[in-house]
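Asks: I would like to see how this sequence folds:
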Amino acid sequence: MKVLRVRVAKAADVAGVVALERATAEAPHWREGEYAAMLDADDLDSRVRRCFFVAEAKGRLLGFAVGKVIGSYGESVAEVESVVVEEAARRSGIG
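Replies: Sure, this is the predicted structure:
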């Protein structure tokens, strides 16, 4: 595996994330606007916060993950909602 970089998703990633998600039958299928809304949400007082990460190697999107945190401070619960890895890159530790 090439050097893998995991980082917070950016607006420029949304089109690639949607394309990868659509190419993965097992993935939850969300609208493009839902992914974009995750990036715009910066309401730290919200009881539900989304976490949206991408995995890339040499600038190529290999996968992404979405999760949510419900609650605040010591009263929080987290849930992974989606993990998608490009088919050719599976079984290499990205997920």
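
Asks: and Val66, what does it touch?
Replies: Taking Cβ atoms under 8 Å, 6 or more residues apart in numbering, we find Val66 in contact with Tyr35, Met38, Arg50, Cys51, Phe52, Phe53, Val80, Glu81, Ser82. For every residue, glycine as well, the C-beta is placed using N, CA and C.

Asks: make sure it is indeed in a helix.
Replies: No. Using DSSP: H, G, I helix; E, B strand; the rest coil, the assignment for Val66 is strand, not a helix.

Asks: among the contacts of Val66, which ones are in strands?
Replies: If you go by DSSP state E, these have Arg50, Cys51, Phe52, Phe53, Val80, Glu81, Ser82 in strands.

Asks: re the thing from before, among the contacts of Val66, which pair sits farthest apart?
Replies: Within the contacts of Val66, Tyr35 and Val80 form the most distant pair, 15.7 Å apart (Cβ to Cβ).

Asks: quick one on the thing from earlier: quick check: of the ones in strands among the contacts of Val66, which has the highest neighbour count?
Replies: Phe52 (23 neighbours; other Cβ atoms under 10 Å).

Asks: tell me the spacing between it and Arg91.
Replies: 23 Å (Cβ to Cβ, to the nearest Å).

Asks: same thing with Lys68?
Replies: Counting by Cβ to Cβ, the gap from Lys68 to Arg91 is 27 Å.

Asks: also Glu21?
Replies: Going from Glu21 to Arg91 by Cβ to Cβ gives 19 Å.

Asks: tell me the contacts of Cys51?
Replies: When contacts are counted by Cβ under 8 Å, 6+ apart, Cys51 touches Ala65, Val66, Gly67, Lys68, Val69.

Asks: I meant to write Val54 there.
Replies: Going by Cβ under 8 Å, 6+ apart, the list of residues near Val54 reads Val6, Arg7, Val8, Ala9, Asp13, Gly16, Val17, Leu61, Gly63, Phe64.
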